[in-house]
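Enquirer: Sequence first, then the predicted structure, then my questions.
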Amino acid sequence: MKTLDGAACPPYLYERRNKQKTMANLLAHKTAQEPFDLHLHSNCSDGSDTPAQVVRAASERGVTMLALTDHDNVLGVPEAMAEAAKIGVRFLPSIEMDAEWSHEMHILGLDIDTQEPRMQEALVIALRRRGERNREIVQRLLNIGCDIREHLQGEIGAATRLNIAIALVKGGFAADTRDAFAKYLRRGCPGFYTVERFSPETIVQLILGAGGVPVWAHPMNGHADPHKVAPMLKELGLMGMEGFHPSLSEGDSVVITSIARQMGLIVTCGSDYHGDHRPAVVPGQTWRDTALLHQTREFLEARPQRAL
Ligand SMILES: [Zn+2]
Ligand SMILES: [Zn+2]
């Protein structure tokens, strides 16, 4: 009897090896069927939970692998990673980045090396631009009589427009965040202001450079045609599409997953959890017990686990 590399192998060892392999396959298959969530936000961007609370909330919902994907920063990664290790769930240090595009385009960088120098440099720039934009929006709102400064908690530099919408609600200037966007923050509204962002190409390259997996987040949000945009992004190095997200109908998911399959991209699922800031969303809610997501899980599980 020969092993794969041609060396002789006693029958009993061969059998034992095969048995071990089967056991390993069975275990891997079992893990692949457990829920995972690759899109969650903490209060390091626009979620309400601390990074550790995000991990606990996900774990309580049965999620056994998760990615913290705060906007343009990885500040919550050490705390979330420590909590995940304590609980015993698989954690992927990740990020969500806003790309310069005619429509909204968000790209997730899953399982990145957060210490990679070019990524760190880019995040400093992105945070500075976000801070500039936020100050300008707050000033524009002030000019029309909406003073929300006391309602903006924490560091304004990391705040997103959702934080500003929440501040508008707290200040009594809008009924809810949807109303705040419609009245003040959308394009054409008095509080609309945008700054330069990285191109999709730069973002994909940054994520690949940091050893991560670039995934097009909620591909239908920006009203772009995914049939046209996905091949362009694939050309740049995109590796996956978020096929299951609260913004996608069942029909949308069918479209996205079939495009991904045709193009050899992985399909991911993400709840886009924001804690109390989006109370209808719970971790793990977009996971489905499908072969496509099992494959994604196996692909991610096979990557070496990152440590701090
Ligand atoms: Zn997004
Ligand atoms: Zn998000």
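Expert: The structure has been received and is ready for your questions. As the structure is a prediction and not an experimental result, all values here were calculated from the model. Ligands and ions are numbered 1, 2, ... in the order given.

Enquirer: contacts, neighbours, all on C-alpha from now
Expert: Will do.

Enquirer: can you map out the helices along the protein?
Expert: 11-32, 51-60, 77-87, 117-143, 161-170, 177-180, 200-209, 226-236, 250-263, 291-301 (DSSP state H).

Enquirer: Would you map out the domains in this structure?
Expert: Following automatic domain parsing, the chain resolves into domains at 35-123+197-301, 127-185.

Enquirer: First-to-last residue distance for the last one?
Expert: In this case it means domain 127-185. 19 Å (Cα to Cα, to the nearest Å).

Enquirer: That one: how far from the chain's middle?
Expert: With Cα atoms, centre = their mean, to the nearest Å as the basis, domain 127-185 stands 23 Å off its chain's centre.

Enquirer: Could I have the CA atoms of stretch 244-251 written out in CSV?
Expert: Taking Å, rounded to 0.1, in the frame of the first residue of the first chain, the C-alpha atoms of stretch 244-251 are listed here in CSV:
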residue,chain,number,x,y,z
PHE,A,244,-27.8,37.5,1.8
HIS,A,245,-28.4,40.9,3.5
PRO,A,246,-31.6,42.5,5.0
SER,A,247,-31.7,44.9,2.0
LEU,A,248,-32.0,42.0,-0.5
SER,A,249,-35.3,40.4,-1.3
GLU,A,250,-35.4,36.6,-1.9
GLY,A,251,-35.4,37.4,-5.6
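
Enquirer: can you pull the buried residues of that stretch?
Expert: F244, H245, P246, L248 (16 or more other Cα atoms under 10 Å).

Enquirer: Show residues contacting stretch 218-225.
Expert: Stretch 218-225 is contacted by residues 103-106, 226, 241-245, 247-248, 252, 256 when judged by Cα atoms under 8 Å, 6 or more residues apart in numbering.

Enquirer: Also stretch 171-188?
Expert: Under Cα under 8 Å, 6+ apart, the answer for stretch 171-188 is 141, 146-148, 151, 161-162, 165-166, 168-169, 189-193.

Enquirer: Tell me which of the contacts of stretch 218-225 fall in strands.
Expert: Members of those lying in strands (criterion: DSSP state E): H106, M241, E242, G243, F244.

Enquirer: how deep is the second one tucked in, by neighbour count?
Expert: Spelled out, it's M241. 27 (other Cα atoms under 10 Å).

Enquirer: ok, it touching H227?
Expert: No - applying Cα atoms under 8 Å, one finds M241 not in contact with H227, separated by 12.0 Å.

Enquirer: ok, so of the contacts of stretch 218-225, who is nearest L40?
Expert: H245 (11.2 Å; Cα to Cα).

Enquirer: residues touching the closest one, list them.
Expert: Here H245 is in contact with H218, C269, G270, S271, D272, T286 (Cα under 8 Å, 6+ apart).

Enquirer: is it true that the last one touches P246?
Expert: Yes - T286 is in contact with P246 according to Cα under 8 Å; the separation is 6.9 Å.

Enquirer: anything in contact with each of those two?
Expert: What both T286 and P246 touch, as defined by Cα under 8 Å, 6+ apart, is the set G270, S271.

Enquirer: returning to what we had before: dump the contacts of H245 into TSV; add distance to G212 and neighbour count as well.
Expert: Output for the contacts of H245, formatted as TSV (distance: Cα to Cα, whole Å; neighbours: other Cα atoms under 10 Å):
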residue	distance to G212	neighbour count
H218	18	25
C269	17	25
G270	17	25
S271	20	22
D272	19	27
T286	22	21
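
Enquirer: Can you name the two of these that sit furthest apart?
Expert: Spanning the widest gap among those are H218 and T286, at 11.8 Å by Cα to Cα.

Enquirer: Show me whatever sits in contact with both of these two.
Expert: The contact lists of H218 and T286 share F244, H245, where a contact means Cα under 8 Å, 6+ apart.

Enquirer: Report the buried residues of stretch 133-153.
Expert: 133-141, 146-149, 152.

Enquirer: where in the stretch 51-200 of the chain is pLDDT low?
Expert: 154-158 (pLDDT under 70).

Enquirer: returning to what we had before: closest to L308 out of the domains of the chain?
Expert: Closest among the domains of the chain, once you apply Cα to Cα, is domain 35-123+197-301, at 6.8 Å.
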